[in-house]
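Novice: what's the 3D shape of this:
(chains A and B)
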Amino acid sequence: MIELLSTVPPTSTGEAVAFWFLAPIAVIAAVMILVSRKAVHSALWMATTMIVLAVLFVMQGGIFLGVVQVVVYTGAVMMLFLFVLMLVGVDASDSFVETLRAQRVAGILLALGLGGMLVAGISRATFPAAPGVGAANDLAGGHVQAIAQAIFTRYVFTFEVVSVLLITAAVGAMALTHKELLTPRKPHAELSVERVRGEHPTPYPSPGVYAQHNAVDTPALLPDGTASEASVPDELRRQGTVRYTELEAARDQESDGGAPR
Amino acid sequence: MNPENYLYLATILFAIGSVGVLVRRNAIVVFMCVELMLNASNLAFVSFARLNGNIDGQVVAFFVMVVAAAEVVIGLAVIVTIFRTRRSASVDDPNLLKL
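Specialist: Below is the predicted model of the structure:
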């Protein structure tokens, strides 16, 4: 009976079809990570590869691992990647200028050599007849039970070390991204005293809302027709992107020869 | 189909990831390629667990995932810190130690 089992093909037709359908998707998505000029596109292809790999895990009996793959990778890690991409700037597309001569060719050749060597090694190895993890699962009374038994008995020390690593990583990330304040933070009491005793106790005028513009970068007009500097955010004025209305611009040109304000 | 095909797929994905690490200039894409390599090794672990008929390979793959998550957190924090000081996410720009 055992002899008979080891001679039949170790995978079902369904698994073969799924594999030959999914494997090209994974490889194409992986190549697209490389050739996408924009980092966001790379991130989306990365998510594709990870979901395909999760399905491949499930197909091989790693149901728990497949679910963890979807939750941790496509859920948490990819969101973190996209978050940092938004922080760093989505428009920052990669420059394809080589700083080292022939680095791209050398890199591709090295990777081809690595892949070729690994493929050659695998093709020369003999493998057991792929009994699957079913027997190990049955021994523990279920798949998740089997994994829990392994993690909390044989690998309990690894588990503890990994938890310490995770906590250290979380603290490290907080320490690295901590921003030093340039000026001491003012308490609320001090801020309110400053506001009431200062020269502008009332709220600043709101920015202009006209028939043609409806944005914070257009200053409000005072009764005498001049633009109110206090009605636009300081940051916009520093960037020089404040829009003046046509009326104001024309008046400006008359008075001081069109010098931009 | 032979289950060894999963190992070939893992090898191909690992090689593609290594090309990305060597060739791409954007630090975030380089990180994605490192993740791809870790995922490929996870696929190999799961395949070996299936080939050998025990659960240990899957447990190791689980630990690899946890380490990868920690690595992503620290790596992205480093990228954000470098971006704050150098206004760039390219791996070519932090070259202050270059002669």
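Novice: in chain B, which spans are helices?
Specialist: For chain B, the helices defined by DSSP state H cover B:4-23, B:27-52, B:56-86.
Novice: residue ranges of the helices in the stretch 1-150 of chain A, please?
Specialist: Ranges of helices in the stretch 1-150 of chain A, per DSSP state H, counting those that start in this stretch, are A:2-7, A:13-35, A:39-59, A:63-68, A:78-88, A:103-124, A:134-140, A:143-149.
Novice: okay, the angle between the third one and helix B:4-23?
Specialist: Angle, helix A:39-59 to helix B:4-23, by axes from the mean of the first three to the mean of the last three Cα atoms, to 10 degrees: 160 degrees.
Novice: State the mean pLDDT of helix A:39-59.
Specialist: In this model, helix A:39-59 has a mean pLDDT of 93.
Novice: again, but for the fourth one
Specialist: The average pLDDT for helix A:63-68 rounds to 93.
Novice: Tell me, please, where in chain B the pLDDT is lower than the cut-off.
Specialist: B:99 (pLDDT under 70).
Novice: what about 90?
Specialist: Along chain B, segments meeting pLDDT under 90 span B:1-4, B:23-28, B:50-54, B:78-99.
Novice: Quick check: the gap between the residue nearest to A:Ala30 when sequence neighbours are not counted and B:Leu36.
Specialist: Leaving aside its chain neighbours, A:Ala30 sits nearest to B:Ile16 (4.4 Å; criterion: Cβ to Cβ, 6 or more residues apart in numbering or on different chains). For every residue, glycine as well, the C-beta is placed using N, CA and C. Note on B:Ile16: its distance to B:Leu36, by Cβ to Cβ, to the nearest Å, is 7 Å.
Novice: who has more neighbours, these two?
Specialist: Neighbours were counted for B:Ile16 and for B:Leu36 using other Cβ atoms under 10 Å in any protein chain shown; B:Leu36 has more, 27 against 24.
Novice: Show the contacting residues for that one.
Specialist: A:30, A:33, A:46, A:49, B:13-14, B:16-17, B:20 (Cβ atoms under 8 Å, 6 or more residues apart in numbering or on different chains).
Novice: now swap in B:Phe62 and tell me
Specialist: Contacts for B:Phe62 (Cβ under 8 Å, 6+ apart) come out as A:64-65, A:68, A:147, A:151.
Novice: Can you tell me which of these are buried?
Specialist: Among these, the ones that count as buried by 16 or more other Cβ atoms under 10 Å in any protein chain shown are A:64-65, A:68, A:147, A:151.
Novice: Also near chain B: which of the residues you listed, exactly?
Specialist: Taking Cβ under 8 Å from any Cβ of the partner chain as the test, chain B is in contact with A:64-65, A:68, A:147, A:151 out of the buried ones among the contacts of B:Phe62.
Novice: one step back: make a markdown table out of the buried ones among the contacts of B:Phe62 and add distance to A:Pro223.
Specialist: Output for these, formatted as a markdown table (distance: Cβ to Cβ, whole Å):
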| residue | distance to A:Pro223 |
| --- | --- |
| A:Phe64 | 71 |
| A:Leu65 | 70 |
| A:Val68 | 65 |
| A:Ile147 | 75 |
| A:Ile151 | 74 |
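Novice: quick one on the thing from earlier: A:Val162 is nearest to which of the helices of chain B?
Specialist: Nearest of those to A:Val162, taken as Cβ to Cβ: helix B:56-86 at 5.0 Å.
Novice: Could you give the separation of the closest one from the chain centroid?
Specialist: The chain centroid and the centroid of helix B:56-86 are separated by 9 Å, computed with Cα atoms, centre = their mean, to the nearest Å.
Novice: Name the nearest residue to B:Gly20, sequence neighbours excluded.
Specialist: Counting by Cβ to Cβ, 6+ apart, B:Gly20 lies nearest to B:Cys33, which is 3.0 Å off, once chain neighbours are set aside.
Novice: What residues does that neighbour make contact with?
Specialist: Going by Cβ under 8 Å, 6+ apart, B:Cys33 touches A:33-34, B:16-21, B:24.
Novice: In a markdown table, list those residues along with distance to A:Glu190.
Specialist: Shown next, in a markdown table, are those (distance: Cβ to Cβ, whole Å):
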| residue | distance to A:Glu190 |
| --- | --- |
| A:Ile33 | 51 |
| A:Leu34 | 54 |
| B:Ile16 | 57 |
| B:Gly17 | 53 |
| B:Ser18 | 56 |
| B:Val19 | 57 |
| B:Gly20 | 51 |
| B:Val21 | 51 |
| B:Arg24 | 49 |
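Novice: Which of the residues you listed are buried, as a PyMOL select command?
Specialist: Remark: buried members of these, expressed as a PyMOL selection using 16+ other Cβ under 10 Å:
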select buried, (chain A and resi 33+34) or (chain B and resi 16+17+18+19+20+21+24)
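Novice: Kindly indicate which of the contacts of B:Cys33 lies nearest A:Ala16.
Specialist: The closest of these, once distances to A:Ala16 are taken by Cβ to Cβ, is B:Ile16, at 22.9 Å.
Novice: From A:Leu100, how far out is that closest one?
Specialist: B:Ile16 is 21 Å from A:Leu100, where distance means Cβ to Cβ.
Novice: B:Ser90 now?
Specialist: Counting by Cβ to Cβ, the gap from B:Ser90 to A:Leu100 is 14 Å.
Novice: Looking only at neighbour counts, state which of the two leads.
Specialist: Between B:Ser90 and A:Leu100, counted using other Cβ under 10 Å, B:Ser90 has the larger neighbour count: 18 against 9.
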